[in-house]
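Peer 1: need a 3D model of the sequence below.
(chains A and B)
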Amino acid sequence: NAGVTQTPKFRVLKTGQSMTLLCAQDMNHEYMYWYRQDPGMGLRLIHYSVGEGTTAKGEVPDGYNVSRLKKQNFLLGLESAAPSQTSVYFCASRLPVGTSGGSSYNEQFFGPGTRLTVL
Amino acid sequence: EDQVTQSPEALRLQEGESSSLNCSYTVSGLRGLFWYRQDPGKGPEFLFTLYSAGEEKEKERLKATLTKKESFLHITAPKPEDSATYLCAVQGGGSNYKLTFGKGTLLTVNP
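Peer 2: Below is the predicted model of the structure:
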């Protein structure tokens, strides 16, 4: 199993450009998440999905859109990049409540991250 | 709103010098408390889940404990390879889906 993979690993954009970050998981997980991590701020949830075709806003959704057309993929889009979106982006996935080894709330598995710089 | 505070922000130890990291939390109905390790340039790696006060879990030199207000990650006789940022997160009763993360403790173990 590859686990959670993210593409690209690095990207530099100019202000106003658009791009899509791809997250893929091969663990058949229902839930998927997009976070951003900034120095001194910790991990902050951008958007998440609890199943194919569903998405919901997290803590910092402004300026981002997401889509979950296939269960294994979760896409994060920036329509018009801004310098404030310079960050490291992490995708994560997990099983639903109560579906693994008797534990009620299952851990999230993270991808390796995408480092995005917006000039 | 769920909150997680980790202390200290940074900790420097000599190899073999045991210590503890703290994770204080406020949550409406704790469903689970998670510890992760994050190496520079990589994604967080899962370590432990704790569900109820009094619970303890161990893995090599690490031991996690949980009370009703905080969790400790005890590191016994650390080695330089234990150097990393350790993240704490909580799953509250208000949502089945989301975790709230602390800002982490940067641990450096010198040889």
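Peer 1: please count neighbours and contacts with C-alpha atoms only from this point.
Peer 2: OK.
Peer 1: show me the contacts for residue A:37.
Peer 2: With contact set as CA atoms under 8 Å, 6 or more residues apart in numbering or on different chains, residue A:37 has these partners: A:43, A:44, A:87, A:88, A:89, A:90.
Peer 1: give me the pLDDT for residue A:102.
Peer 2: As predicted, residue A:102 sits at a pLDDT of 43.
Peer 1: chain B contacts on chain A?
Peer 2: A:31, A:40-44, A:50, A:90, A:97, A:104-105, A:107-113 (CA under 8 Å from any CA of the partner chain).
Peer 1: would you mind measuring from the spatially most central residue of chain A to residue B:16?
Peer 2: Among the residues of chain A, the one closest to the centroid is residue A:34, at 2.3 Å (CA atoms, centre = their mean). Going from residue A:34 to residue B:16 by CA to CA, to the nearest Å gives 37 Å.
Peer 1: next: residue A:117.
Peer 2: Distance of residue A:117 to residue B:16, given as CA to CA: 39 Å.
Peer 1: same deal with residue A:65?
Peer 2: Residue A:65 is 47 Å from residue B:16, by CA to CA.
Peer 1: just to revisit the earlier point, drop anything exposed from the residues of chain A next to chain B.
Peer 2: Neighbour counting over these (16 or more other CA atoms under 10 Å in any protein chain shown) leaves A:31, A:42-44, A:50, A:90, A:97, A:105, A:107-113 as the buried ones.
Peer 1: can you map out the helices along chain B?
Peer 2: Applying DSSP state H to chain B gives no helices.
Peer 1: close to chain A: what parts of it are there?
Peer 2: B:31-32, B:34, B:41-46, B:49, B:91, B:96-97, B:101-104.
Peer 1: quick one, what contacts the nearest residue to residue B:46 once chain neighbours are set aside?
Peer 2: Leaving aside its sequence neighbours, residue B:46 sits nearest to residue B:36 (CA to CA, 6 or more residues apart in numbering or on different chains; 4.5 Å). Contacts of residue B:36 were listed using CA under 8 Å, 6+ apart, and they are B:44, B:45, B:46, B:47, B:48, B:86, B:87, B:88.
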